[in-house]
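A.B. asks: what's the 3D shape of this:
(one chain, ligands or ions: 1)
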Amino acid sequence: MAFPVHRKRRLRASEAMRSLVRETKLAPTQFIYPLFVVPGKGVRKEIGSMPGNYQLSVDELLKECAEAVSLGIGGIILFGIPDAKDEFASGAYAEDGIVQQAIRAIKNEHPKLLVITDVCNCEYTSHGHCGKIVDGDVDNDTTLEWLSAAALSHAQAGADIVAPSDMMDGRVGAIRKCLDDHGFQKTPILSYAAKYASVFYGPFREAAESAPQFGDRRSYQMDPANSREALHEMQLDLEEGADMLMVKPAMPYLDIIRMAREEFPVPIAAYQVSGEFSMIMAAVRNGWLDHNRAILESLTCIHRAGADIILTYFAKDAARLLG
Ligand code: PBG
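C.D. replies: I've put the predicted structure just below:
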């Protein structure tokens, strides 16, 4: 039976009617807020390409955490920018590294705030690549040792979840074993499993001062043209012990989010990355898009595609809008 018996507009007639039949609903607890931490005191340096986002010293970071707690945001993910970088990414796994210090300070002040750490080396290497360079390429198996050491140092400092984002083969298994061997069987791994070699990380690399000094990341991050490969990456990470899987970026990769949701029973996260944030903000600043509606629509669609958890620079704005 079709028109005139069926009129789809009946259920769209008022906001009350629309909210009654809405299939996808956002809540602040689904959002993870990314934060950039730097050494020093009183530092709050705005990132040019990411308005409203800052490099923060630990004291300033704590203010953001207090806000995240009061807005009911699901958690934060930390990225560190060390004072000095070297060939061995030593800042990534130093006991008193900048992220490790930040975790301790946050756990001291906001013990209930969920703290996730990005486990990668690119912010800590002098060359900006995600691991040890041998013959002009990132050497997979040595890098696994650095990643395991970094994840362990985060767990020791009090991180609730570790999230490897480097795309080395076997990193989830290596990190799981290292955590287990040191008594951290309870620390979950959120794997950036389907992480693409994307142009949309551009603003982040300014924020984290992590642009590669030569070449690019295409020998380890995924080719944007591939989707079956994403399923294989995710399957391997689950076999190695990942508790949750992430797709990154989010909006241009909604099909991958949907496939992940249909294929795997674990929680699926999606990262609305820096370039997605900056595109929306640039259009908003030109008066071309409505800020609040762009935020809620983009996040709703990422959730509708199948992401249970969304990492987003809009976490605070969205939580306020939903509150
Ligand atoms: C570290 C890492 C990156 C992002 C998250 N973790 C950058 C990269 O891979 O170059 C990007 C996040 C964003 O763009 O918001 N490897």
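
A.B. asks: show me which residues of the stretch 1-150 of the chain sit near the ligand.
C.D. replies: 118, 120, 122, 130 (CB under 6 Å from any ligand atom). Placement of C-beta: from N, CA and C, glycine included.

A.B. asks: which SS state does residue 118 fall under?
C.D. replies: The local conformation at residue 118, judged by DSSP: H, G, I helix; E, B strand; the rest coil, is strand.

A.B. asks: my read: residue 124 touches residue 85, true?
C.D. replies: Yes - between residue 124 and residue 85 there is a contact under CB atoms under 8 Å: 5.7 Å.

A.B. asks: other SSEs contacting the lengthiest helix in the chain?
C.D. replies: Looking across the chain with DSSP state H, the single longest helix is helix 140-157. Where contact means 3 or more CB pairs under 8 Å, 6 or more residues apart in numbering; DSSP states H and E, helix 140-157 is packed against helix 90-93, helix 98-109, strand 115-119, strand 132-134, strand 161-164, helix 171-181.

A.B. asks: I'd like to know which residues of the stretch 201-323 of the chain are adjacent to the ligand.
C.D. replies: So the stretch 201-323 of the chain meets the ligand at 201, 204-205, 217, 273-274 (CB under 6 Å from any ligand atom).

A.B. asks: can you name the two of those residues that sit furthest apart?
C.D. replies: Checked with CB to CB, these reach their widest spread between 217 and 274, with 14.6 Å between them.

A.B. asks: which one's more surrounded, those two?
C.D. replies: When residue 217 and residue 274 are compared for neighbours, residue 274 comes out ahead with 25 against 20, by other CB atoms under 10 Å.

A.B. asks: got a list of what that one touches?
C.D. replies: Taking CB atoms under 8 Å, 6 or more residues apart in numbering as the contact definition, residue 274 lies against 49-50, 200-204, 207, 313.

A.B. asks: quick check: phi and psi at the residue nearest to residue 31 when sequence neighbours are not counted.
C.D. replies: Ranked by CB to CB, 6 or more residues apart in numbering and with sequence neighbours excluded, the top spatial neighbour of residue 31 is residue 315, at 4.0 Å. Per-residue torsions, residue 315: phi -50, psi -50 (degrees, to the nearest 10).

A.B. asks: give me the pLDDT for residue 315.
C.D. replies: In this model, residue 315 is scored at 98, pLDDT.

A.B. asks: I'd say it and residue 30 touch.
C.D. replies: No - look at residue 315 against residue 30 with CB under 8 Å: they stay out of range, at 9.3 Å.

A.B. asks: how many residues are close by the residue nearest to residue 31?
C.D. replies: When neighbours are defined as other CB under 10 Å, residue 315 has 28 of them.

A.B. asks: please apply the same query to residue 112.
C.D. replies: Using other CB under 10 Å: residue 112 sits among 7 other residues.

A.B. asks: before we move on, what about residue 74?
C.D. replies: By other CB under 10 Å, 20 other residues sit near residue 74.

A.B. asks: got it, and residue 206?
C.D. replies: 15.

A.B. asks: please enumerate the helices of this structure.
C.D. replies: Ranges of helices in the chain, per DSSP H, are 15-21, 58-70, 90-93, 98-109, 140-157, 171-181, 202-207, 228-240, 254-263, 274-285, 291-305, 315-322.

A.B. asks: what residues does the last one touch?
C.D. replies: Same thing as helix 315-322. 26-28, 31-33, 67-68, 71-73, 291-292, 295-296, 299, 312.

A.B. asks: what's the angle from it to helix 291-305?
C.D. replies: Orientation check (axes from the mean of the first three to the mean of the last three CA atoms, to 10 degrees): helix 315-322 against helix 291-305 gives 100 degrees.

A.B. asks: separation between residue 38 and residue 220?
C.D. replies: Residue 38 sits at a distance of 26 Å from residue 220 (criterion: CB to CB, to the nearest Å).

A.B. asks: so between these two, which is more surrounded?
C.D. replies: Neighbour comparison, residue 38 and residue 220: the larger count goes to residue 38, with 23 against 19 (by other CB under 10 Å).
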